[in-house]
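In: could you work out the structure for the sequence below:
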Amino acid sequence: MDAAKKKALFRSKLNAQRKEKKIDSPLVRYNELDQPVCRVCDVVLKSEFQWDAHQASRKHIEAVNNIKVNAARLKNANNAKSEPSAMSTGSKHADNAQLQDARSESLTQLPKPQSALPPDFFDNKDAKRQKT
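Out: Residues are numbered from 1 along each chain as shown. Predicted coordinates:
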């Protein structure tokens, strides 16, 4: 009986520690395996300790900035629509199409990685190495 009590005590302490470790952020959800998942990037983290590093990552920062830009565009579009004007349903569809185009452009226009190599580095196949 003494071993069962110790085991139960250990389990209760372990469960309390797990609850303390959980990330309390609106950007994090937990999956069915109780792993933290970034809602912005949809990245599964192996543990709660990786959250701070993930928040500082370039991928996460760019995703948050894209969401902010899209939200600002939608807000501006909604403000423009709320102004009294005679809009036909055809122009509303055109506005929606423009918003969707703007969203897709912002997602496809990610910055290209910069390389330290010259642009024609791999093109010069005829150059031979000098023997020393």
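In: where does this structure dip in pLDDT?
Out: Applying pLDDT under 70 to the chain picks out residues 1, 18-20, 83-115, 117, 124-132.
In: recalculate using a threshold of 90.
Out: Within the chain, the stretches with pLDDT under 90 are 1-4, 8-27, 30-35, 42, 46-52, 71-132.
In: just the helices in it please.
Out: For the chain, helices defined by DSSP state H occupy the ranges 2-21, 51-55, 58-82, 89-108.
In: buried residues in the second one?
Out: So the one you mean is helix 51-55. By neighbour count on 16 or more other CB atoms under 10 Å, the buried set for helix 51-55 is 51, 54. Every C-beta, even on glycine, is put in place using the N, C-alpha and C of the backbone.
In: contacts for it, please.
Out: Contact with helix 51-55 is made by 23, 25, 28, 36, 38, 41, 43, 45, 60, as judged by CB atoms under 8 Å, 6 or more residues apart in numbering.
In: what subset of these is buried?
Out: Using 16+ other CB under 10 Å as the threshold, 23, 28, 36, 38, 41, 45, 60 are the buried ones among the contacts of helix 51-55.
In: switch those over to a markdown table; also include distance to residue 3.
Out: Shown next, in a markdown table, are the buried ones among the contacts of helix 51-55 (distance: CB to CB, whole Å):
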| residue | distance to residue 3 |
| --- | --- |
| 23 | 34 |
| 28 | 37 |
| 36 | 33 |
| 38 | 41 |
| 41 | 45 |
| 45 | 35 |
| 60 | 46 |
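In: ok so, going back, so which of the contacts of helix 51-55 belong to strands?
Out: Under the assignment DSSP state E, the contacts of helix 51-55 contribute 28, 36, 38 to strands.
In: from what I see, residue 59 and residue 38 are in contact.
Out: No: Residue 59 is not in contact with residue 38 according to CB atoms under 8 Å; the separation is 9.4 Å.
In: against residue 57, how distant is residue 81?
Out: In this view, residue 81 and residue 57 are 36 Å apart by CB to CB, to the nearest Å.
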